[in-house]
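1. Mind folding the following:
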Amino acid sequence: MESILIVDDEKHYRLILSEVLQEEGYTSFTAASGMEALDLLKSQIIDLVLTDVKMPGMTGIDLLEKIKEITPDLPVIIMTAFGSVEKAVEAMHKGAYTFILKPFENEALIAHISKSISMYRIVQENARLRDAIQTRYQFDNIIGKSKPMQKLYDIIRKVAPTNAAVLIEGESGTGKELVAKSIHYNSQRKDNSLVAVNCAAFAESLLESELFGHEKGAFTGAAALKKGRFELADKGTLFLDEIGELPMPLQVKLLRVLQEKTIDRVGGTTPIPVDFRLIAATNKTLEEEVAKKRFREDLYYRLNVVKAVIPPLRERPEDIPLLMNHFIKKFTQESESTSRIKGISKDAAQILCDHPWSGNVRELENVIERSVILAPEDIITSADLPPHIRQTSGSTLDLEGIPEGVGLAETLTAVEKRMIIRAMNLSGNVQTKAAQILGIGKSGLNQKLKKYNLDKELNIKD
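-> I've put the predicted structure just below:
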């Protein structure tokens, strides 16, 4: 039930309006002066203010200005006599929702109130959704405690408040778009649009129109003017995903946009100024693409002001248990009416920690979602995992994937470190249990933890 504050120095008028509003189902509060109204706004939740213009002391215009300082979106309707229309117009310029002339029909007043409150609810809901999105994409919601992820957090934290271009590199499924959103929603442009384009999703001719827009009649089928993504991202952020797939002619045009800060629509002749922050992402290594003459070197340096590299999941196995628990909680909550999953068994967790995850975090997320849906009991077991995940268990060392020139000692060191991290995760960082999993003594494990500096990185409990 919405609450309306009636502000008028005439007691009789306040009482009549209060009865009218209560009959319509509203809760009403009354104030005889602007100061009294401001006191009520501090102590009550008000959805609309209905105020007279001419009052002794603080006028309705003065009250409006004070309200807009405190609650800018709160709707205010001005009541005024015919001779004070100029004051009502002034009030509109200062943020009043509308004005109504005295004497007025009750039906007209109720219509104004209903419409203004509906608009206020939309504004509130948009603000709530914006806050929810910004909370969702806070950088600390990117899951991981490993050193590579800590380095990534540090980059996001430092670069987000700036306008610097950011190049995000990482394999498919590592979460490049999540990092881009985290940068945007922690930036000064967070209240404006984040516009995303997948450069691999369009043919070259369509991609140009998508980015630059087109004028009416620019080509067959261009029946109306269309703004491109550059314009839509004005004052906000443009996220170009899979930038490595951008055709060479469009690389030249993108470079010009970044240099000139203007665009020309397809079929247009008038330069249009644009102001956006650019974030680009790729699953390729652009330096290699430049060396192979598949990507312009000058554009690469424009994009690569700050580089954020997202490590593949196989290089941060200590993050897998955190991600497992995160996704189990997420999908259990999303299917609360049907899911009863409470956790995952040790053997299933070990299989997931051993898996090479060529699809990275996205693949792990899909596996957990499937398991939450199909598991017959309240604990996910190894039997609930997809067959291809179970089949790779125990044989995860990809010999073909080891780069040329990497020696035996270096490879064995990497495997040993990974097994120690996995054992510590499975044991809850309890050193005695981890040693048992590895089949070595506690003192031997302690030496290896120190050898790899894991004693400082992990929260060891004994």
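
2. Domain-wise, how is the protein divided?
-> Domain ranges of the chain: 3-132, 141-311, 313-396, 402-462, per automatic domain parsing.

3. Could you dump these into TSV with mean pLDDT added?
-> TSV is the format used below for those (pLDDT from 0 to 100):
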stretch	mean pLDDT
domain 3-132	89
domain 141-311	93
domain 313-396	86
domain 402-462	78
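
4. Output the ones you listed as JSON lines; include the columns mean neighbour count.
-> For the C-beta atoms, the positions are set from N, CA and C on the backbone; glycine is no exception. Output for the domains of the chain, formatted as JSON lines (neighbours: other CB atoms under 10 Å):
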{"stretch": "domain 3-132", "mean neighbour count": "16"}
{"stretch": "domain 141-311", "mean neighbour count": "17"}
{"stretch": "domain 313-396", "mean neighbour count": "17"}
{"stretch": "domain 402-462", "mean neighbour count": "15"}
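
5. ok, the closest residue to residue 284 other than its chain neighbours - contacts?
-> Closest residue to residue 284 apart from its sequence neighbours, by CB to CB, 6 or more residues apart in numbering: residue 244 at 3.9 Å. Counting by CB atoms under 8 Å, 6 or more residues apart in numbering, residue 244 touches 199, 282, 283, 284, 286, 289, 294, 295.

6. what's the closest of those residues to residue 446?
-> Nearest to residue 446 among the contacts of residue 244: residue 283, at 39.6 Å, using CB to CB.

7. if you skip the residues just before and after it, what's nearest to the closest one?
-> residue 172 (5.0 Å).

8. SS state for residue 173?
-> coil (DSSP: H, G, I helix; E, B strand; the rest coil).

9. My guess is residue 360 contacts residue 178. True?
-> No: using CB atoms under 8 Å, residue 360 and residue 178 do not qualify as a contacting pair, with a distance of 11.7 Å.

10. that older thread, turn the contacts of residue 244 into CSV, including secondary structure.
-> Converted to CSV, the contacts of residue 244 look like this (three-state DSSP):
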residue, secondary structure
199, coil
282, strand
283, coil
284, coil
286, helix
289, helix
294, coil
295, coil
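
11. now those residues in TSV, with distance to residue 352?
-> Conversion of these to TSV gives the following (distance: CB to CB, whole Å):
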residue	distance to residue 352
199	33
282	28
283	23
284	28
286	32
289	33
294	36
295	36
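
12. Regarding the chain, what is its longest helix?
-> Under DSSP state H, the helix in the chain containing the largest number of residues is helix 106-136.

13. about what we covered before: list the contacts for the residue nearest to residue 283?
-> Residue 172 touches 283, 359, 360, 362, counting by CB under 8 Å, 6+ apart.

14. Between these, which sits nearest residue 428?
-> Of the contacts of residue 172, the one sitting nearest to residue 428 (CB to CB) turns out to be residue 360, at 24.8 Å.

15. How about that closest one, nearest residue that isn't a chain neighbour?
-> Per CB to CB, 6+ apart, closest to residue 360 is residue 173, 3.6 Å.

16. ok now do that neighbour, which residues does it touch?
-> 359, 360, 361, 362, 363.

17. Next: residue 283.
-> 169, 170, 171, 172, 176, 242, 244.

18. Could I get the full set of strands for the stretch 101-250 of the chain?
-> For the stretch 101-250 of the chain, strands defined by DSSP state E, counting those that start in this stretch occupy the ranges 166-169, 194-198, 213-214, 226-227, 237-241.

19. Looking at those strands, which is nearest to residue 436?
-> Using CB to CB, these put strand 166-169 closest to residue 436, at 39.4 Å.

20. Next, report how far that closest one is displaced from the centre of its chain.
-> From the chain centre to the centre of strand 166-169 is a distance of 17 Å (CA atoms, centre = their mean, to the nearest Å).

21. picking that back up, quick one: which of the contacts of residue 173 is nearest residue 377?
-> Using CB to CB, these come closest to residue 377 at residue 363, 23.7 Å.

22. I figured that closest one was touching residue 357, is that so?
-> Yes: counting by CB under 8 Å, residue 363 does reach residue 357; the two are 5.6 Å apart.

23. which ones are touching the nearest residue to residue 17 once chain neighbours are set aside?
-> Once flanking residues are discounted, residue 17 sits nearest to residue 6: 5.0 Å by CB to CB, 6+ apart. Contact analysis of residue 6 by CB under 8 Å, 6+ apart lists 14, 17, 18, 21, 28, 29, 30, 31, 50, 51.

24. partners of the helix or strand where residue 6 lies, with directions?
-> Residue 6 belongs to strand 3-7 when assigned by DSSP states H and E. In the sheet, strand 3-7 lines up against strand 27-31 (parallel), strand 48-52 (parallel) (DSSP bridges).

25. possible to save those strands as CSV with distance to residue 186?
-> What follows is the strands paired with strand 3-7, written out as CSV (distance: least, CB to CB, whole Å):
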stretch, distance to residue 186
strand 27-31, 39
strand 48-52, 34
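
26. Mind pulling the model confidence for residue 139?
-> Listed pLDDT for residue 139 reads 56.

27. re earlier: which members of the contacts of residue 172 are positioned in helices?
-> Using DSSP H, these in helices are 360, 362.

28. of the contacts of residue 172, closest to residue 307?
-> Of the contacts of residue 172, the one sitting nearest to residue 307 (CB to CB) turns out to be residue 283, at 14.1 Å.

29. how near is that closest one to residue 303?
-> Relative to residue 303, residue 283 is positioned 15 Å away (criterion: CB to CB, to the nearest Å).

30. same question, residue 428
-> 42 Å.

31. Could you verify my assumption that residue 65 touches residue 94?
-> Yes: at 6.1 Å, residue 65 and residue 94 qualify as touching, with contact defined as CB under 8 Å.

32. helices or strands up against the helix or strand harbouring residue 412?
-> Using DSSP H and E, residue 412 falls within helix 408-426. Here helix 408-426 touches helix 320-334, helix 346-354, helix 431-438, helix 442-451, helix 454-457, going by 3 or more CB pairs under 8 Å, 6 or more residues apart in numbering; DSSP states H and E.

33. how about a cut-off of 6 Å?
-> helix 431-438 (3 or more CB pairs under 6 Å, 6 or more residues apart in numbering; DSSP states H and E).

34. how far is the strand holding residue 6 from where the chain is centred?
-> Distance, centroid of strand 3-7 to centroid of chain: 37 Å (CA atoms, centre = their mean).

35. how much does it deviate in direction from helix 106-136?
-> Here strand 3-7 runs at an angle of 120 degrees relative to helix 106-136 (axes from the mean of the first three to the mean of the last three CA atoms, to 10 degrees).

36. Can you name the next helix or strand after strand 3-7?
-> In N-to-C order, the element after strand 3-7 by DSSP H and E is helix 11-23.

37. Tell me which residues are up against that following helix.
-> 4, 6, 8, 28, 30, 106 (CB atoms under 6 Å, 6 or more residues apart in numbering).

38. biggest separation within those residues, which pair?
-> 30 and 106 (16.8 Å).

39. before we move on, back to that, can you lay out the contacts of helix 11-23 as JSON lines showing distance to residue 309?
-> Listed next are these as JSON lines, based on distance: CB to CB, whole Å:
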{"residue": "4", "distance to residue 309": "55"}
{"residue": "6", "distance to residue 309": "60"}
{"residue": "8", "distance to residue 309": "64"}
{"residue": "28", "distance to residue 309": "60"}
{"residue": "30", "distance to residue 309": "62"}
{"residue": "106", "distance to residue 309": "66"}
